[in-house]
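> I'll drop the sequence and a predicted model, then ask my questions.
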Amino acid sequence: MNSSLFVAGTDTGIGKTHVACALIHALAARGQRVTGMKPVASGCELTPDGLRNEDALALQAASHPHPDYALVNPLALEPAVAPHLAARQAGVVIDLPSLMPAFDGLSARYDRVVVEGVGGWMVPLSPTLCASDIPRAWGLPVVLVVGLRLGCISHAQLTARAILADGCPLVGWIGNAIDPDMALREDNIQTLRELLPAPCLGIVPHGMSSKEAASLIDVSVFA
């Protein structure tokens with residue numbers, strides 16, 4: 001199994017980046033050189049240094065040591081829309097061969113690369129490519145981030161089924177408490193523990209920093 005990993009989410013806006021940064025900190029605490037990567041990012045801001053994405057910058061900052069931004073986010077798209085639409089507006093085509101050199105470059109420099117997906121598991125990147133094709137092509141085990149809110153049980157089960165149906169190993173899931181007022185949160189978490197076909201690697205409380213959350217995540221599965 002590849003020593004790097006892919007962080008998928010049940011949806012967009014459920015804290016994949018936050019959890020990915022916590023994973024980076026947790027793995028680094030075990031003495032590993034770990035970096036984050038966001039192969040494709042839309043909604044980037046034009047800066048004096050070029051297009052920059054907030055999530056990719058967070059992954060870069062969490063990495064030990066910090067890598068070049070161009071390796072963390074090889075394809076930055078300015079329009080804040082779905083990546084295949086952002087690419088169309090930018091006049092580019094997203095393909096795996098153009099992303100692979102950055103992943104190879106990081107893999108040569110670090111013990112592990114924590115690759116964050118974009119949106120949910122089946123977000124299209126082009127007419128012939130989905131976000132799920134990245135871990136499939138690169139042979140990456142998957143960690144599923146479950147946004148803890150109403151509806152998360154169905155979303156988590158559907159995503160887990162899709163991951164396994166695509167032939168990717170689902171090594172675990174992490175709950176992220178994005179809704180501080182979620183009713184019966186603990187009951188929902190227990191249901192997820194019972195129904196998902198992979199172990200729970202941790203629960204990230206609402207409002208906790210990624211560095212603090214690192215101590216709550218079990219990364220022994222990656223030893």
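Received it, and whenever you're ready, just let me know what you need.

> Contacts only, for Pro180.
By Cβ atoms under 8 Å, 6 or more residues apart in numbering, Pro180 lies in contact with 206-207. Any C-beta I mention is one placed from the backbone N, CA and C, and that applies to glycine too.

> Ramachandran coordinates for the residue of the chain positioned farthest from its centre?
No residue in the chain sits farther from the centre than Pro48, which is 26.8 Å out by Cα atoms, centre = their mean. Per-residue torsions, Pro48: phi -60, psi -20 (degrees, to the nearest 10).

> Next: the one 4 residues further on.
Listed backbone geometry of Arg52 is phi -130, psi 140, with angles given as degrees, to the nearest 10.

> Now do it against Val40, distance only.
Arg52 is 14 Å from Val40, where distance means Cβ to Cβ, to the nearest Å.

> And these two? Which one has more around it.
Val40 (27 against 17; other Cβ atoms under 10 Å).

> doesn't Val118 make contact with the more buried one?
Yes. Val40 is in contact with Val118 according to Cβ atoms under 8 Å; the separation is 5.3 Å.

> list residues touching both of these two?
Jointly contacting Val40 and Val118 under the rule Cβ under 8 Å, 6+ apart are 83, 125, 131.

> Show me the shaky parts of the protein.
By pLDDT under 70, the low-scoring segments of the chain are 1-2.

> okay, now the nearest residue to Ala70 once chain neighbours are set aside: neighbour count?
Spatial nearest neighbour of Ala70, excluding adjacent residues (Cβ to Cβ, 6 or more residues apart in numbering): Ala102 at 7.1 Å. Neighbour count for Ala102, taken as other Cβ under 10 Å: 20.

> and if you look at the one 4 residues further on?
Using other Cβ under 10 Å, Leu106 has 24 other residues around it.

> Report the contact partners of it.
Neighbouring residues of Leu106 by Cβ under 8 Å, 6+ apart: 35, 37, 67, 71-72, 113.

> is it fair to say the residue nearest to Ala70 lies in a helix?
Yes. Looking at Ala102 with DSSP: H, G, I helix; E, B strand; the rest coil, it is inside a helix.

> what about stretch 200-213, distance to the chain center?
15 Å (Cα atoms, centre = their mean, to the nearest Å).

> my guess is Leu196 meets Leu158, correct?
No. In this structure Leu196 lies outside contact range of Leu158 using Cβ under 8 Å: 11.0 Å.

> For the two, indicate the residue with more neighbours.
Neighbour count, other Cβ under 10 Å: between Leu196 and Leu158, Leu196 has more, with 20 against 14.

> Tell me how far the more buried one lies from Asn188.
Counting by Cβ to Cβ, the gap from Leu196 to Asn188 is 12 Å.

> follow-up on the earlier one: counting neighbours, which of the shared contacts of Val40 and Val118 comes out on top?
Counting by other Cβ under 10 Å, top hit in the shared contacts of Val40 and Val118: Leu125 with 26 neighbours.

> give me the number of residues near Gly139?
Using other Cβ under 10 Å, Gly139 has 12 neighbouring residues.

> ok, now Gly50?
Here the number of neighbours of Gly50 (other Cβ under 10 Å) works out to 11.

> what's it in contact with, if anything?
Applying Cβ under 8 Å, 6+ apart, we find Gly50 in contact with 69, 76.

> Now Leu150: which helix or strand?
For Leu150, there is no host helix or strand (DSSP states H and E).
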